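Asks: Structure of the sequence below:
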Amino acid sequence: MIKLNYLEKLLDGVEVEWKKLGEVAKIQRGASPRPIAKFITDKEDGVPWIKIGDTSPNSKYVNKTEQRITPEGAMKSRILKKGDFIMSNSMSFGRPYILNIDGAIHDGWASISDFGNKLNSDYLYHYLSSDLVRSYWVSKINSGSVSNLNSDIIKSLEIPIPPLKVQKEIVRILDDFTKLTAELTAELKAELTARKKQYTYYLDKLMTFDEGEVEWKTLGEVGEFTRGKRFVKKDMLSEGFPCIHYGELYTHYNIWAEKAKSFVSYDLASKLRVAEHGDVVIVAAGETIEDIGKGTAWLGNTGVVIHDACFSYRSSLNPKYVSYFLRTKQFHDQIKKYISSGKISAINADGLSRAKIPIPIPEKQALIISILDKFDALKSSIIEYLPREIELRQKQYEYYRNMLLSFSKSEVEA
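Replies: As a prediction, this is how the structure comes out:
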């Protein structure tokens with residue numbers, strides 16, 4: 001086996017010691033002074049008060065806290081030092097964090113400290129983050145005798161303790177994977193940002209015309225708006241008559257669509273309003289002004305029911321050309337003054353109809369669409385590729401982490 005040969009070479013004949021975590025480290029539950037509000041302070045001598053909200057799933061460290069408690073409150077809590085570990089008692093958060101600060105923890109945390117020269121802290125972090133340990137926590141919780149990760153469970157975890165030089169080599173390999181994943185993610189995000197800027201640049205450039213080059217008319221002059229009718233999310237089904245909820249125009253739909261993500265019953269559809277093939281479905285309400293007015297050209301073979309926070313727009317213009325125009329800065333600059341602000345911002349048909357659109361000949365519209373489709377496809381491919389590649393790299397890291405940390409007791413004792 002490749003794994004066995006590599007680990008044998010790494011260990012170079014040295015046996016791996018197995019110990020319960022409670023034998024090589026101090027495991028304690030946090031404590032909360034009561035009432036906690038009495039001990040919260042803004043004074044400089046306050047002690048960092050570490051809460052769940054101060055941790056991030058994307059970091060192995062706790063670097064800062066939002067609140068401090070008085071020294072008196074800290075004495076009633078559990079004071080830890082930089083380099084100690086904390087782990088939530090809850091299964092929903094049951095992962096380790098390394099403290100990059102001195103601080104105090106409440107009773108929702110368990111602490112791991114005083115592991116001295118037996119364990120490299122990064123090795124311990126990788127091991128406690130592994131599927132091997134996660135499975136152990138799950139088995140204990142599922143046993144029915146306990147409902148959280150109490151100190152006794154954490155103390156009972158058996159952990160392999162190879163020599164420190166082996167621990168450091170394992171850390172180096174796993175950290176290299178983590179670093180490569182972070183670098184790749186940064187590169188892909190930079191590429192995505194660049195492509196988005198390039199797409200926006202050409203979108204606005206292709207929709208900008210010299211004076212007298214094309215005719216400009218208001219959307220109301222060349223087309224007609226029809227508002228949808230209300231339906232709620234519980235009306236939405238996995239099959240039936242196609243529908244578009246206004247929220248999906250933010251999260252799912254882009255320039256055009258020929259298939260719907262959601263459906264309503266045929267009976268309900270008969271009572272609602274339908275956008276037909278070639279109509280542009282425009283979102284008319286949302287939390288941010290910038291998103292209002294975005295449209296999706298509906299190119300499906302059947303009609304699609306639209307929500308009452310949407311309009312369908314029908315005109316003689318190419319629907320994809322209209323949809324692209326609705327995403328330009330010049331369009332949004334025109335409609336801003338017609339958007340009502342509040343908890344939910346909205347625009348009505350009259351406001352949308354006042355915006356002017358350039359009307360090149362159909363052949364020119366088709367050429368603009370062809371160019372923008374290429375940029376949009378490139379941008380979309382990166383958007384789809386990024387999470388898949390990150391997930392792949394994460395799985396690769398997890399594979400090697402489990403491989404490097406799966407010391408067999410029978411193998412090392414043989």
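
Asks: where does this protein dip in pLDDT?
Replies: Along the chain, segments meeting pLDDT under 70 span 1-13, 90-93, 142-147, 408-414.

Asks: Please list the residues outside stretch 337-347 that contact it.
Replies: Residues lying outside stretch 337-347 but in contact with it, judged by Cβ atoms under 8 Å, 6 or more residues apart in numbering, are 284-289, 292-293, 309, 335, 348, 350-352, 354. In this view, the C-beta of every residue, glycine as well, is placed from N, C-alpha and C.

Asks: Mind giving me the PyMOL command for buried ones among those residues?
Replies: This is the PyMOL syntax for the buried subset of those, where burial follows 16 or more other Cβ atoms under 10 Å:
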select buried, resi 284+285+286+289+292+293+309+335+351+352
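
Asks: Tell me which two of the contacts of stretch 337-347 sit farthest apart.
Replies: When Cβ to Cβ is used, the two most widely separated members of the contacts of stretch 337-347 are E287 and R354, lying 23.2 Å apart.

Asks: Send over the host helix or strand of I98 as CSV, restricted to the C-alpha atoms.
Replies: Under the assignment given by DSSP states H and E, the secondary-structure element containing I98 is strand 96-99. Included here for strand 96-99 are C-alpha records, laid out as CSV according to Å, rounded to 0.1, in the frame of the first residue of the first chain:
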residue,chain,number,x,y,z
PRO,A,96,-11.5,23.1,17.1
TYR,A,97,-10.1,26.6,17.1
ILE,A,98,-6.6,27.8,18.2
LEU,A,99,-6.5,30.9,20.3
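
Asks: Whichever helix or strand comes after it: how far from the chain's middle?
Replies: Scanning the chain past strand 96-99 towards its C-terminal end, the next helix or strand to appear is strand 103-105 (assignment: DSSP H and E). Averaged C-alpha coordinates place strand 103-105 at 28 Å from its chain's average position (Cα atoms, centre = their mean, to the nearest Å).

Asks: List the contacts of strand 103-105.
Replies: Contacts made with strand 103-105 from outside it, assessed by Cβ under 8 Å, 6+ apart, are listed as 30, 47-50, 62, 65, 69, 73-74, 77-80, 86, 111.

Asks: cool, stretch 248-260 as well?
Replies: By Cβ under 8 Å, 6+ apart, the residues outside stretch 248-260 that reach it are 242-244, 261-262, 281, 283, 286, 291, 294-301, 304, 310, 319-320, 323-324, 327, 372-373, 376, 380.

Asks: what about it, how long is it end to end?
Replies: In terms of Cα to Cα, to the nearest Å, the two terminal residues of stretch 248-260 are separated by 10 Å.

Asks: Give the buried residues for it.
Replies: Quick answer for stretch 248-260 (16+ other Cβ under 10 Å): E248, L249, Y253, I255, W256, A257, A260.

Asks: will you turn those residues into JSON lines that also has secondary structure and distance to I159?
Replies: Shown next, in JSON lines, are these (DSSP: H, G, I helix; E, B strand; the rest coil; distance: Cβ to Cβ, whole Å):
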{"residue": "E248", "secondary structure": "helix", "distance to I159": "47"}
{"residue": "L249", "secondary structure": "helix", "distance to I159": "51"}
{"residue": "Y253", "secondary structure": "coil", "distance to I159": "50"}
{"residue": "I255", "secondary structure": "coil", "distance to I159": "53"}
{"residue": "W256", "secondary structure": "strand", "distance to I159": "55"}
{"residue": "A257", "secondary structure": "strand", "distance to I159": "52"}
{"residue": "A260", "secondary structure": "coil", "distance to I159": "52"}
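
Asks: I'd like those residues laid out as CSV, including distance to T226.
Replies: Output for the buried residues of stretch 248-260, formatted as CSV (distance: Cβ to Cβ, whole Å):
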residue, distance to T226
E248, 18
L249, 16
Y253, 18
I255, 20
W256, 19
A257, 18
A260, 18
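
Asks: CA atoms of the helix or strand that contains Q330 as CSV?
Replies: When secondary structure is defined using DSSP H and E, the element that contains Q330 is helix 329-335. Output for helix 329-335, consisting of C-alpha atoms alone and laid out as CSV, is shown next (Å, rounded to 0.1, in the frame of the first residue of the first chain):
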residue,chain,number,x,y,z
LYS,A,329,-25.5,51.5,-15.9
GLN,A,330,-27.2,53.9,-18.2
PHE,A,331,-30.5,52.1,-17.7
HIS,A,332,-30.2,52.0,-13.9
ASP,A,333,-29.2,55.7,-13.9
GLN,A,334,-32.5,56.4,-15.6
ILE,A,335,-34.8,54.5,-13.3
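
Asks: how distant is it from the center of its chain?
Replies: Between the mean C-alpha location of helix 329-335 and the chain-wide mean there is a distance of 30 Å, by Cα atoms, centre = their mean.

Asks: What is the distance between the following helix or strand past that helix and the centre of its chain?
Replies: Stepping forward along the backbone from helix 329-335, the first helix or strand reached (DSSP H and E) is strand 345-346. Chain-centre distance of strand 345-346: 26 Å, with Cα atoms, centre = their mean.

Asks: Also stretch 310-323?
Replies: With Cα atoms, centre = their mean as the basis, stretch 310-323 stands 32 Å off its chain's centre.

Asks: Repeat that for stretch 256-267.
Replies: In terms of Cα atoms, centre = their mean, the centre of stretch 256-267 is set 26 Å apart from its chain centre.
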